[in-house]
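In: Okay, sequence plus prediction incoming.
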Amino acid sequence: MADDRTQDLRRSPSHQGSEGGSSGSRKPAPVVKPAPSTMNPFLFPPRGLARPTLRQVLSEPNLRREFLGVDEDKTCKAAVAERSEYRQGMSALLHHLDVQCSQRNKDHHR
């Protein structure tokens, strides 16, 4: 009898299907259902209020133009002009500082 068991264990699954009696005694594997999408990975239902979400309603350019009255080209041009004005303003301030430093150095050497 022990020899029969060891022979059954040594047989491959393809050989077991050819015998009629041995395949009928096995139970089918249990069917595992996937968890619903509302369940978290720990398989507990979510509790409390729903989690906050960020809505992106006015993110498209046509909606932005319609509701805010702002054209995308105008905003880009205004941003470029503001950046160039900032750089020019900084260079003017630095030039004035250079003039003041040179004047102070002249006064100091007198």
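Out: Thanks, I have it. Numbering: from 1, shown residues only.
In: Could you tell me which other helices and strands the one helix or strand Gly89 maps to packs against?
Out: Secondary structure assignment for Gly89, by DSSP states H and E: helix 72-109. Judged by 3 or more Cβ pairs under 8 Å, 6 or more residues apart in numbering; DSSP states H and E, helix 72-109 is in contact with helix 61-68. C-beta coordinates here come from the backbone N, C-alpha and C atoms, glycine included.
In: where does this structure dip in pLDDT?
Out: 1-24, 35-46, 54-72 (pLDDT under 70).
In: how does it look with 50?
Out: The chain contains residues with pLDDT under 50 at 17-19.
In: secondary structure class for Thr53?
Out: With DSSP: H, G, I helix; E, B strand; the rest coil as the basis, Thr53 sits in coil.
In: how about it, what does it touch?
Out: Listed by Cβ atoms under 8 Å, 6 or more residues apart in numbering, Thr53 has no contact partners.
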